[in-house]
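Engineer: Build me a model from this:
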Amino acid sequence: MTGFGRAEQTVGDKTYLVEIKALNGKQFELQLKLPALLRPYEFDIRNALQENLIRGTIDCFVMIKQNGAAKPVVINTDLIKAYYSQIDSLATELNIDTNSVLSALLRLPEVVTPSVEVIADSEFSQFMSVLETALKELNAHRMEEGISLEKDLAQRIANIREQEEAILVFEPKREVRIREEINQLLEKHVGQENIDKNRLEQELIYYMEKIDIHEEQIRLRQHCEYFNDILRSDDPSKGKKLSFVLQEIGREINTTGSKAYDADIQKCVVMMKDELEKAKEQVLNLL
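Structural biologist: You can find the predicted model right below:
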């Protein structure tokens, strides 16, 4: 499910900024960008994101602005003294002025390096409260999207049930038609007087049992009811369960289509398949 969350808060001499973007995805995939101050806590941050977001493609950006007397860099004074000592000896030998040498020394390798300072545990707790605020905002967006998805999926299942009820209307006519067609075929090729009525009735019963779709319709109805039960449940990660139930619904629809031998029922099957594919696409957006 998609969503966006942002939180910013100033605590002491630091301002924490957290931005989280979530896109649909089957697994939990995280792109995490952290400043050096938070690197030791990366594992804890990743765990917090996964526990709260569960699934999706996540992009999390964290920035720390250091205010006041913060020290984002460190000057290696021992190294700069060693550089200056050699430069001063060379300048004396060559009679060169060293008054403006400091700016050049600061540009030499490893003289100025990023600070390796890390925040204390107490400051990390303050940062986590900012992270939680961003996560709540993102999940609020997800909740709004989920309400719309729930309505759409419920309507798709209702449409499938509507077509299933239409099949029940066509089913008795189908049986009568198939019996009449078999009788006409036998009369044409065998002759009415040569038909063994008892044998014919046995074969008709056997054939009608093979193409009977009553059990498929019962299971289809049960799967649809189960789908709606899961959809209304409080399970926070119901997407995979709903996907499995849709597979079962599809199996019953396909079997109904293969046994139908009726144009009207086939039309209903096509309509159900169309609704099923739309439901499958929407379920991918759920957790």
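Engineer: Please count neighbours and contacts with C-alpha atoms only from this point.
Structural biologist: OK.
Engineer: can you list the weak-confidence ranges in the stretch 1-150 of the chain?
Structural biologist: Low-confidence segments of the stretch 1-150 of the chain (pLDDT under 70): 68-73, 98-100, 110, 112-117.
Engineer: where along it do the strands fall?
Structural biologist: With DSSP state E, counting those that start in this stretch as the criterion, the stretch 1-150 of the chain has strands at 3-11, 14-23, 28-33, 56-66, 73-75, 112-114.
Engineer: what helices or strands is the fourth one leaning on?
Structural biologist: Applying 3 or more CA pairs under 8 Å, 6 or more residues apart in numbering; DSSP states H and E, we find strand 56-66 packed against strand 14-23, strand 28-33.
Engineer: Please point out which parts of that strand sit buried.
Structural biologist: By neighbour count with 16 or more other CA atoms under 10 Å, strand 56-66 contains the buried residues 56-64.
Engineer: State the phi and psi torsions of Gln27.
Structural biologist: Backbone torsions of Gln27, given as degrees, to the nearest 10, read phi -120, psi 180.
Engineer: how many other residues sit next to it?
Structural biologist: When neighbours are defined as other CA atoms under 10 Å, Gln27 has 11 of them.
Engineer: For the residue nearest to it when sequence neighbours are not counted, grab the count of nearby residues.
Structural biologist: Sequence neighbours aside, Arg55 is the residue nearest to Gln27 in space, at 5.3 Å (criterion: CA to CA, 6 or more residues apart in numbering). Here the number of neighbours of Arg55 (other CA under 10 Å) works out to 23.
Engineer: Settle this for me: Arg55 is touching Leu30, isn't it.
Structural biologist: No: using CA atoms under 8 Å, Arg55 makes no contact with Leu30, being 9.6 Å away.
Engineer: who are the neighbours in contact with the residue lying closest to Lys241 once chain neighbours are set aside?
Structural biologist: Leaving aside its sequence neighbours, Lys241 sits nearest to Ile230 (CA to CA, 6+ apart; 7.7 Å). Ile230 sits next to 238, 241-242 when contact means CA atoms under 8 Å, 6 or more residues apart in numbering.
Engineer: Now the phi/psi pair for Ile230, please.
Structural biologist: Dihedral angles for Ile230 - degrees, to the nearest 10 - are phi -70, psi -40.
Engineer: Distance of it relative to Lys240?
Structural biologist: Distance of Ile230 to Lys240, given as CA to CA, to the nearest Å: 11 Å.
Engineer: give the contact list for the residue lying closest to Ser237 once chain neighbours are set aside.
Structural biologist: In space, and not counting its chain neighbours, Ser237 is closest to Leu287: 4.9 Å by CA to CA, 6+ apart. The neighbourhood of Leu287, defined by CA under 8 Å, 6+ apart, consists of 1, 54-56, 236-240.
Engineer: Many thanks, I have nothing further to ask.
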